[in-house]
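**Student:** mind looking at a prediction? Sequence and model below.
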Amino acid sequence: MSVLVLMEGADDELSLQALTFARELAQASGDGAEPSAFTIDGPYAPAAFGQTVADLIGARAPRAVIAPGSERGNEVMAHAAAILDEPLSANTTAFEPGDPPTVTRVRWGGSLLEQALLRARTLLITVAPHAVAAQAPGVMPEAVPASGHALALAPTERVGASSGGVTLEEASVVVSGGRGVGSAEGFAIIEELAGLLHGAVGCSRAVTSAGWRPHTDQVGQTGTKVAPELYIACGISGATQHMAGCKGAKKLLAINADGEASIFAHADYGVVGDLHAVLPGIAAEIRKARGA
């Protein structure tokens, strides 16, 4: 099976996961051929990038095109699917060969998995974040120029994360705060603990809606999807949309004053208590253990 992989960068984590998924798809289909990877050059314009994918499919006739299930990956592949009048299997977690093949994909913010038959001349698939563990790339992506005739807009400015430290996507520890933190100033103890653990600060949608933290800090279905070794949820109730963003965490520690909060059903460890008392205590013990 000839497979193309759209990557957002040679070292991009979600792109490497898509490449790994593509390898597994090719092997499951009885073809061990290495997928071909490509990036698209030029300022990001969804319609132009989608046209580029469609043009590449027309020129090379692959059986499948795989892309990361990032905001950009899903948007570009949706444009390509519309241009080609083909279905798109978004946020896919598994593939079973057949005629037609079966795909499993995440639906409703991660609350259920759907199995569907994918009937298409070219299989268009985006891979749900952290559905597979990324392997070494093995190939260098080819740089393909964006379709010039479709370029309609270009970015004038890029706004980075609010912190100059480790990003949510890269952090091995994420300390997140929800409505229970109480205020923007209340995040000082969240930041303190994240700093001690060399981690990143996250938050829930309720926090960004209140204006306490920027959207770049939001973890959830409409924010960043993370997969740290440890996710510490402070004052977060455990809504489905938030859990969709942190379900990739290896371990989850929940701290909430409400012992009936739904997040405890997902937690590996739980503390029922006031986060404003619990977090300073944790910070103090960390400093004590380090002799500080």
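**Tutor:** Perfect, thanks for sending it.
**Student:** and the chain, what are its domains?
**Tutor:** 3-150, 173-289 (automatic domain parsing).
**Student:** what's the end-to-end length of the shortest one?
**Tutor:** Separation of the first and last residues of domain 173-289 by C-alpha to C-alpha, to the nearest Å is 18 Å.
**Student:** in the stretch 101-250 of the chain, which spans are helices?
**Tutor:** 188-196, 205-209, 240-246 (DSSP state H, counting those that start in this stretch).
**Student:** let's have those in CSV, adding distance to Ala233, mean pLDDT and mean neighbour count.
**Tutor:** Backbone N, C-alpha and C define where each C-beta goes, glycine included. Shown next, in CSV, are the helices of the stretch 101-250 of the chain (distance: least, C-beta to C-beta, whole Å; pLDDT from 0 to 100; neighbours: other C-beta atoms under 10 Å):
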stretch, distance to Ala233, mean pLDDT, mean neighbour count
helix 188-196, 11, 95, 19
helix 205-209, 12, 93, 19
helix 240-246, 7, 90, 23
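**Student:** nearest to Ala59, of the ones you listed?
**Tutor:** Between Ala59 and the helices of the stretch 101-250 of the chain, the shortest gap by C-beta to C-beta is with helix 240-246, which sits at 36.4 Å.
**Student:** that closest one: what's the following helix or strand?
**Tutor:** Downstream of helix 240-246, the first helix or strand assigned by DSSP states H and E is strand 251-256.
**Student:** any idea how far that next one is from the chain center?
**Tutor:** Using C-alpha atoms, centre = their mean, to the nearest Å, the distance from the centre of strand 251-256 to the centre of the chain it belongs to is 20 Å.
**Student:** ok, which of the helices of the stretch 101-250 of the chain comes nearest Asp274?
**Tutor:** Using C-beta to C-beta as the measure, helix 188-196 is the one of the helices of the stretch 101-250 of the chain that comes nearest Asp274, at 11.1 Å.
**Student:** pLDDT (mean, whole number) over the strand ranked longest in the chain?
**Tutor:** Looking only at the chain and at elements set by DSSP state E, the strand with the highest residue count is strand 88-96. Per-residue pLDDT values across strand 88-96 average out to 94.
**Student:** which strands or helices does that strand pack on?
**Tutor:** Under the contact criterion of 3 or more C-beta pairs under 8 Å, 6 or more residues apart in numbering; DSSP states H and E, the helices and strands touching strand 88-96 comprise helix 13-28, helix 71-84, strand 102-107, strand 123-127.
**Student:** tell me which of the ones you listed lies nearest to Gly186.
**Tutor:** With C-beta to C-beta as the measure, helix 71-84 is the member of the helices and strands packed on strand 88-96 nearest Gly186 (28.8 Å).
**Student:** now that closest one and strand 88-96, what's the angle there?
**Tutor:** Relative orientation of helix 71-84 and strand 88-96, computed by axes from the mean of the first three to the mean of the last three C-alpha atoms, to 10 degrees: 100 degrees.
**Student:** would you mark the buried spots in helix 71-84?
**Tutor:** For helix 71-84, burial by neighbour count (16 or more other C-beta atoms under 10 Å) applies to 72-81, 83-84.
**Student:** out of the helices and strands packed on strand 88-96, flag the one nearest Cys246.
**Tutor:** Proximity to Cys246 (C-beta to C-beta) singles out strand 102-107 among these, at 13.9 Å.
**Student:** wait, isn't Ile282 in contact with Leu193?
**Tutor:** Yes - shown here, Ile282 and Leu193 form a contact pair, counting by C-beta atoms under 8 Å, at 6.3 Å.
**Student:** quick check: neighbours shared by these two?
**Tutor:** Overlap of the contact sets of Ile282 and Leu193 (by C-beta atoms under 8 Å, 6 or more residues apart in numbering) is empty.
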